[in-house]
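# heads up, no residue letters with this:
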Ligand SMILES: Nc1ncnc2c1ncn2[C@@H]1O[C@H](COP(=O)(O)OP(=O)(O)OP(=O)(O)O)[C@@H](O)[C@H]1O
């Protein structure tokens with residue numbers, strides 16, 4: 001398994017009666033961005049923090065860059081951005097980053113990094129006085145300053161405004177371009193779709209689906225329209241090619257799935273015309289990761 005940045009097999013983590021991670025397998029390839037998605041309490045942070053060496057597992061095996069998570073040789077090679085920050089409350093942003101840089105053999109320039117993340121004006125501000133978004137950005141800076149081979153980012157854009165979010169995305173793209181492996185957890189589907197090579201969806205401590213964003217959303221497209229509620233979809237389905245699907249969700253919002261081509265479009269609009277149904281907002285769309293997630297778990301991510 002030479003090329004795995006992270007290799008987790010049959011991982012189990014229990015907190016008393018709660019099984020947070022339930023025989024989970026996870027493989028993150030080197031040089032790729034892997035996004036781990038799941039609803040609250042799915043077991044993402046438990047899994048990632050076991051990989052980072054901050055929590056112990058009950059059973060299973062974990063290899064990070066080929067090493068055990070508690071191997072002292074691993075720390076200088078990985079960067080970690082914790083959900084909880086991990087920065088002393090009184091530490092000033094600039095001084096903290098300089099201190100962190102001294103732990104690394106070939107660090108990035110702290111001032112340039114602060115500038116990059118829009119924190120130059122806050123270099124002398126104690127951590128506790130930074131806004132939530134500024135704290136996040138400082139955490140990201142500390143995770144990448146040592147030029148790591150692998151970066152773990154736990155919800156890196158939570159609470160960021162759109163501008164800071166884009167700065168964070170740019171940084172993740174640059175890391176990837178430089179060959180750095182990135183493992184990130186997120187609640188944002190668009191973030192996972194835009195940034196990642198591989199998406200792993202976990203729910204109740206297990207992997208429920210994985211693949212590239214394109215593999216997960218499939219080539220299938222959807223025809224969506226609005227019309228009066230309660231249309232008999234069995235009728236339109238009987239006129240469509242086998243394998244097509246139709247649903248009304250929520251009331252008055254219709255989705256037809258299958259080979260969405262001009263012929264299918266003609267069939268649906270002709271059927272609507274014979275039924276005296278006026279359609280509104282008719283559009284053809286690709287399935288999103290959010291659609292896939294809802295189908296798999298029946299739950300929203302947020
Ligand atoms: N230290 C702990 N003690 C007891 N239970 C815990 C602890 N940490 C996590 N849990 C429980 O384990 C389950 C998984 O939590 P975890 O934080 O790993 O999920 P998550 O997917 O990261 O969730 P979120 O998206 O909310 O951060 C949850 O039911 C949580 O309440």
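Yep, it's here. Everything quoted here is computed from the prediction, not taken from an experiment.
# show me where the stretch 101-250 of the chain has helices.
With DSSP state H, counting those that start in this stretch as the criterion, the stretch 101-250 of the chain has helices at 110-116, 132-144, 162-177, 189-195, 213-217, 233-239.
# wouldn't residue 61 be in contact with residue 9 here?
Yes: assessed by C-beta atoms under 8 Å, residue 61 is found in contact with residue 9 at 4.8 Å. Placement of C-beta: from N, CA and C, glycine included.
# Tell me which of the helices of the stretch 101-250 of the chain lies nearest to the ligand.
helix 189-195 (13.5 Å; C-beta to the nearest ligand atom).
# Looking at the closest one now, give me its mean pLDDT.
Regarding helix 189-195, the rounded mean pLDDT is 86.
# is stretch 32-51 anywhere near the ligand?
Yes: under the criterion of C-beta under 6 Å from any ligand atom, the ligand is reached by stretch 32-51 at 38, 40, 41, 42, 43, 44, 45, 46.
# Of all pairs in those, which one is the farthest apart?
Pairwise distances across those peak at 12.4 Å for 40 and 46 (criterion: C-beta to C-beta).
# now the stretch 1-150 of the chain, which segments are flagged as low pLDDT?
Scanning the stretch 1-150 of the chain for pLDDT under 70 picks out the ranges 1-2, 84-85.
# Around the ligand, which positions in it sit nearby?
15, 18, 20, 38, 40, 41, 42, 43, 44, 45, 46.
# of residue 40 and residue 46, who's got more company?
The neighbour comparison of residue 40 against residue 46 (other C-beta atoms under 10 Å) goes to residue 46, with 22 against 9.
# Distance from the helix or strand hosting the more buried one to the middle of the chain?
For residue 46, the host element (DSSP states H and E) is helix 44-51. Chain-centre distance of helix 44-51: 14 Å, with C-alpha atoms, centre = their mean, to the nearest Å.
# what comes into contact with that helix?
6, 8, 11, 13, 20-21, 24, 26, 36-38, 55-57, 62, 64, 69, 83, 152, 154, 183, 185, 202, 205 (C-beta atoms under 8 Å, 6 or more residues apart in numbering).
# Mark which of those residues are buried, thanks.
Buried members of the contacts of helix 44-51, scored by 16 or more other C-beta atoms under 10 Å, are 6, 8, 11, 13, 20-21, 24, 26, 36-38, 55, 57, 62, 64, 69, 83, 152, 154, 183, 185, 202, 205.
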